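Asker: model this:
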Amino acid sequence: MLMHFQRALKALKIRALDLGALVEEQVRVAVRAIEERDEDLAQRVFQNDDQIDNAEVEIEEECLKMLALYHPVAEDLRFIVAVLKINNDLERIGDVAVNIAERAVFLANRPPIQTKISFKVMAEKTQRMLKLSLDSLVDLDADRAYVVIAADDEVDALNRQSYIDVQEGIRLYPKETPDLLHLLSVSRHLERIADLAASIAEEVIYMVRGEIVRHRLEDYLGTLS
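Answerer: From the prediction side, this is the model:
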């Protein structure tokens, strides 16, 4: 029984990591679609979304089956509960990548705008947060997970700057308002991915240390400064 359970735990981790890799690629392609205004890249994101949804359902079913069949305790219970939550976060990130791709389809058929607005830095930071959160899951590294959480404020600040840039663009070039509002949505979606990456990192900390850190992050991060 124990040997079967350990094999199931290992298989569950592999499936969660595979889903994470697929979601990470979805975000990368969606960001490229925006940067290049490439509708074909956006279509790739749409085509892969069902695969993410199906994987999310299968992982959830496997987690519930293991809870019912093996009655895990301590570290094993924390692991399964954390995977359940991370699984949901990954599926939501996949949905946000689709939202970004939808903005790319709209912009692909629009003329270039005069407003100088770029999401390059924000996209890079967001994708790095997602990668580090998944790396922390692979290595069960709580310290790396805390780095992800600390980086969330930087993305929040960039999102606020996007609002300012869009407001200024609408003031100077009112005819560009539809395009700018779509770009503002991209900023908001990137910020949401960063939030979800931080949520994954929180679950890794819970998995590794048994600590629920959502309401105590400022105290811990203050010790790092």
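Asker: got the buried residues for stretch 13-28?
Answerer: 15-16, 19-20, 23-24, 26-28 (16 or more other Cβ atoms under 10 Å). The C-beta positions use only the backbone N, C-alpha and C, and glycine is treated the same way.
Asker: using TSV, lay out those residues together with distance to Asn88.
Answerer: Converted to TSV, the buried residues of stretch 13-28 look like this (distance: Cβ to Cβ, whole Å):
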residue	distance to Asn88
Arg15	14
Ala16	11
Leu19	11
Gly20	13
Val23	12
Glu24	16
Gln26	16
Val27	16
Arg28	21
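Asker: which of those residues lies closest to Glu56?
Answerer: Set against Glu56, the nearest of the buried residues of stretch 13-28 by Cβ to Cβ is Leu19 (6.9 Å).
Asker: ok, the closest one - contacts?
Answerer: Counting by Cβ atoms under 8 Å, 6 or more residues apart in numbering, Leu19 touches 52, 55-56, 59, 87, 90.
Asker: that one is in what secondary structure piece?
Answerer: If you go by DSSP states H and E, Leu19 is part of helix 2-36.
Asker: for this structure, give me the ranges with low pLDDT.
Answerer: In the predicted model of the chain, residues 1, 215-225 satisfy pLDDT under 70.
Asker: that one: strands as residue ranges?
Answerer: Here the chain has no strands by DSSP state E.
Asker: helices of the protein, start to end?
Answerer: Assigned by DSSP state H, the helices in the chain fall at 2-36, 39-70, 74-108, 120-139, 142-172, 177-209, 217-224.
Asker: now the residue positioned nearest the centre of the chain: how far from Arg28?
Answerer: By Cα atoms, centre = their mean, the chain has its centre lying nearest to Ile193, at 3.9 Å. Distance, Ile193 to Arg28, by Cβ to Cβ, to the nearest Å: 11 Å.
Asker: with Ile100 instead?
Answerer: 11 Å.
Asker: thank you, goodbye.
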